[in-house]
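In: Predicted model and sequence below, questions to follow.
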Amino acid sequence: MSALINIGYLVASVLFILGLKGLTHPRTAVRGNLLGAVGMLLAIVLTLTDQQIVSYEMIILGLIIGGAIGAVLAIKIEMTSMPELVAVLNGFGGIASVLVAGAALLESALKPGVPLMQLTVATAVSGLIGAVTFWGSLVAFGKLKGLISENAVLFSGQQVINSLLAAAALALSCWVVIDPTSMMAYWLLVGVASVLGILLVIPVGGADMPVVVALLNSYSGLAAAATGFVLSNNVLIITGSLVGASGIILTQIMCKAMNRSLTNVLFGVMAPAGEGGPTADEVYGGKVKSASPEEVAVLFETARRVMIVPGYGMAVSQAQYPVASLAALLESRGTTVEYAVHPVAGRMPGHMNVLLAEADVPYEALKDMDESNQDIDQVDVALVIGANDVVNPLARTDPSSPIAGMPIIDVDKARTVVIIKRSLSPGFAGIPNPLFSLDNSLMLFGDGKKMVLDIIAALKEA
Amino acid sequence: MDMFIMGLTVFVLAIFVGFEIITKIPPTLHTPLMSGSNAISGITLVGAVLSSGAQQSAVTTALGVLAVIFATINVIGGFMVTNRMLAMFKKKS
C-alpha cells in the first residue's frame, strides 16, 4: 500500500511540473493550473488512505474551514489587491510548515528511540524558514495594504540586531538537533525567527516590494521542501524545490530590472544621490509644459502609433478600464496601440499585466521592456500613466544617480511624451525626473482615471 | 543517512527542473505564476493531514489541524485565484 501511495505521489509531482510548464503560454496556462490542482487532489486523497490516520473528523473540519476561507479570499479579492493576497498566502504556507515540523518533532519525542539526525536538522530548518516567511509576509501584507509605513523603516543598529537574532536562531537550531525531546528549544527558535522575519522586511521600501514578495514566495517553497525532509516525503521535497526555484528566479529578474543587488534591497539601502546631482528646481525650473486633456486628445487624433506605459499609479487610481477604453477608441480610428510594461512596475512581478488583462487588453499588445525600446523612436505618442523612476532618463545619462544603470523604458525617445501625474513629486528613488521638462514632453496633472476619461470625452467630441 | 542522500538528490534535481521551466515563463504570467506556485507549495497539507489524523497526542493533533487550515487556505485560495486570473488572459486568445 505504501508503495502505491508513493507512486501516486510521483504522479502528483509530475502533474505539478506539467502544470508549471503549462504556464509558459497564456493559451495553455488555464489547463496547466488545472493539472496542478488535480495533482494536489491526488496527493491529498492518497494521504487520506494512509494507515497512520485513525480519525478523520479533525482533518475534515480543517479542510472545510481552510477551504471556505481560501475560496472566499479568491473570489472576493480585487485584482489591484493581488500583491496583498499573494503575500498573505506565502505566509500561510510558511506557518503550515512550522506547525507540521513541530508536530513531527513532538511525535518523534513521544516514540521510543532517538530520532534521525535528518528529522531534527530538517525540523529546525523548517521552523526557521517557515517562521521568517510567515512574519515577513505579514509585514509585507501590512505595507502593501498601507497598515504599516510603506517607507523603508530604518533604525540604527538594525543590522547588529539582525545578526544577533540570526546567531541566536543558529544556536537554538543546534539545541533542537542535540536534544530533540526539548520542545521548548523548537518554539524558542520559532519565536526568534518570527522577530527576525519582521525585522528583515520592515526596512524594505514600497517600490522594492516586488523583490520581497518574490523572495518570500521562494522561502515558502523552501520551507515546504524542509518539511519534506522532516517527513521523508519526496512529493514535498520536489514541490518545495520547484517553488523555491521559481521564487529565486523572479527575485533575480526583479533585482536586475532595478539594477540593484539583493543585499541592497533587503537592507533598505538606496545608493546615495551623487554630489551635485540636479535639484528639482534646476531640472524643472520654468521648462515643464502642462497640457489639458483636450490638447492631448488632439495629439492622439493625429498619432499613428501610441505606446502606453503603466506604473503603480495606474493601479492606485484603478485606471486600467479607462486606459483600455482609450486604447480601443484609438484602435477603432486606425491607431496602433501597444503597452510597454517595465518588470518592476507595480508592487509584484506581472502586476500591470494582470490589471490590463482584467480590463480585456489582449496579451499580444503587452510588450516587455526590451521589445518596447527597440523602435521606440517610431512611436508618435508615449502615454506614461503613474510611472516615474522606470522612465527616468537619468538612469542612462547620470552615472552618479541612485538609479544609474537601471534599465528603463526610453519614452524620452518617442516623438511626444504625455505624462499623467498628480504633481511633480519624485518617485521612490527620491530624485527629479528630467523627462518631465523635455521639449517633447507634456504634463497632464491630475488623477490617472479622471484624466484618461477626460481625454476619451475630448476625443469623442472632436 | 541513505534516506537523506536520496532526498537531497531529489531536491537538487527538482531545483534544476524548476529553473528550466520557470525561466521560460513570460513576464506577462509572472503574477499567476506566483499565486499558482503558492498553491502547490500548500503541499505541506500532506504532512498536516498525517499529523492531525494520527492523533499521537492532543498537542500534535491541534498543531496538525491548524496546519491543515492554513495549508488548505493556501491550496484552495491559490488555485482558485490563479484560475480567475488566467481566465482573464485566455478569453481574448
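Out: Arrived safely.
In: pLDDT on the helix or strand hosting A:V139, on average?
Out: Using DSSP states H and E, A:V139 sits within helix A:117-145. Taken as a whole, helix A:117-145 carries a mean pLDDT of 94.
In: That one vs chain B: in contact?
Out: Yes: using C-beta under 8 Å from any C-beta of the partner chain, we find that helix A:117-145 touches chain B at A:M117, A:Q118. The way it works is simple: take the backbone N, C-alpha and C, and place the C-beta from them, glycine included.
In: For A:P407, which three-state class applies?
Out: coil (DSSP: H, G, I helix; E, B strand; the rest coil).
In: contacting residues for it?
Out: A:K256, A:A257, A:N259, A:M369, A:A395 (C-beta atoms under 8 Å, 6 or more residues apart in numbering or on different chains).
In: For chain A, see how far away B:T9 is.
Out: Here the criterion is C-beta to the nearest C-beta, to the nearest Å. By it, B:T9 lies 10 Å from chain A.
In: Phi, psi for that residue please.
Out: phi -60, psi -50 (degrees, to the nearest 10).
In: That one: what's it in contact with?
Out: Here B:T9 is in contact with no residue (C-beta under 8 Å, 6+ apart).
In: Quick check: next helix or strand after the helix or strand bottoming out on mean pLDDT in chain A?
Out: In chain A, no helix or strand scores lower on mean pLDDT, DSSP states H and E than helix A:262-266, which sits at a mean of 77. Following helix A:262-266 in sequence order, the next helix or strand is helix A:280-284 (DSSP H and E).
In: Can you point out the buried residues in that following helix?
Out: For helix A:280-284, the neighbour count (16 or more other C-beta atoms under 10 Å in any protein chain shown) marks A:V283, A:Y284 as buried.
In: Pull out the buried positions in the helix or strand following that helix.
Out: Following helix A:280-284 in sequence order, the next helix or strand is helix A:293-302 (DSSP H and E). For helix A:293-302, the neighbour count (16+ other C-beta under 10 Å) marks A:P293, A:V296, A:A297, A:L299, A:F300 as buried.
In: tell me what helix A:293-302 is packed against?
Out: strand A:416-421, strand A:441-445, helix A:448-461 (3 or more C-beta pairs under 8 Å, 6 or more residues apart in numbering or on different chains; DSSP states H and E).
In: That helix to strand A:416-421, inter-axis angle?
Out: Going by axes from the mean of the first three to the mean of the last three C-alpha atoms, to 10 degrees, helix A:293-302 is angled at 140 degrees with respect to strand A:416-421.
In: Could I get the phi/psi values of residue 59?
Out: I'll assume chain A. phi -60, psi -50.
In: How many residues are close by it?
Out: Other residues near A:I59 number 25, with proximity taken as other C-beta atoms under 10 Å in any protein chain shown.
In: was I right about it contacting B:S51?
Out: No: A:I59 sits out of contact with B:S51 when judged by C-beta atoms under 8 Å, with a separation of 9.6 Å.
In: which regions of the chain lie under the pLDDT threshold?
Out: Looking at chain A here, since you left the chain open. A:1, A:268-277 (pLDDT under 70).
In: if you could check chain B rather than the one you did, that'd help
Out: B:1, B:91-93.
In: Helices along the stretch 251-400 of chain A, start to end?
Out: Secondary structure of the stretch 251-400 of chain A (DSSP state H, counting those that start in this stretch): helices located at A:262-266, A:280-284, A:293-302, A:312-316, A:320-332, A:351-358, A:369-374, A:394-397.
In: Next up, the contacts around residue 47.
Out: All of this refers to chain A. With C-beta under 8 Å, 6+ apart, A:T47 has these contacts: A:I5, B:V46, B:V49, B:L50.
In: Chain B, not that one
Out: B:G47 neighbours (C-beta under 8 Å, 6+ apart): A:V100, A:A104, A:T227, A:V230, A:L231, A:N233, A:L236, B:A67.
In: what's the answer for B:I76, then?
Out: Contacts of B:I76 (C-beta under 8 Å, 6+ apart): A:G66, A:G67, A:G70, A:A71, A:A74.
In: can you give me the helices for chain B?
Out: B:2-22, B:30-40, B:45-54, B:58-72, B:78-90 (DSSP state H).
In: Okay, angle between the first one and helix A:117-145 too, please.
Out: Meaning helix B:2-22. 30 degrees.
In: Quick check: buried residues in helix B:2-22?
Out: B:F4, B:G7, B:V10, B:F11, B:A14, B:I15, B:V17, B:G18, B:F19, B:I21, B:I22.
In: mind checking how far the last one is from chain A?
Out: What it means is B:I22. Taking C-beta to the nearest C-beta, one finds B:I22 at 5 Å from chain A.
In: you'd agree that residue is up against A:T24?
Out: No: applying C-beta under 8 Å as the test, B:I22 and A:T24 come out as separate, 9.0 Å apart.
In: which one is the residue sitting nearest the centre point of chain B nearest to, not counting chain neighbours?
Out: Nearest residue to the geometric centre of chain B (C-alpha atoms, centre = their mean): B:S41, 1.7 Å. What sits nearest to B:S41 in space, not counting adjacent residues and going by C-beta to C-beta, 6 or more residues apart in numbering or on different chains, is A:V243, at 4.2 Å.
In: Also A:S292?
Out: In space, A:S292 is closest to A:L444, 7.7 Å off (C-beta to C-beta, 6+ apart).
In: What about that neighbour, how many residues nearby?
Out: Look at A:L444: counted by other C-beta under 10 Å, it has 22 neighbours.
In: got the contact list for it?
Out: Here A:L444 is in contact with A:S290, A:A291, A:S292, A:P293, A:V296, A:V418, A:I419, A:I420, A:K421, A:M451 (criterion: C-beta under 8 Å, 6+ apart).
In: is it in a bridge, and if so with what?
Out: A:I420 (DSSP bridges).
In: Look up how far A:Y312 lies from it.
Out: 17 Å (C-beta to C-beta, to the nearest Å).
In: how about the residue nearest to the centre of chain B, what does it touch?
Out: A:G93, A:S220, A:G221, A:A224, A:T239, A:G240, A:V243, B:N74.
In: Perfect, that will be all.
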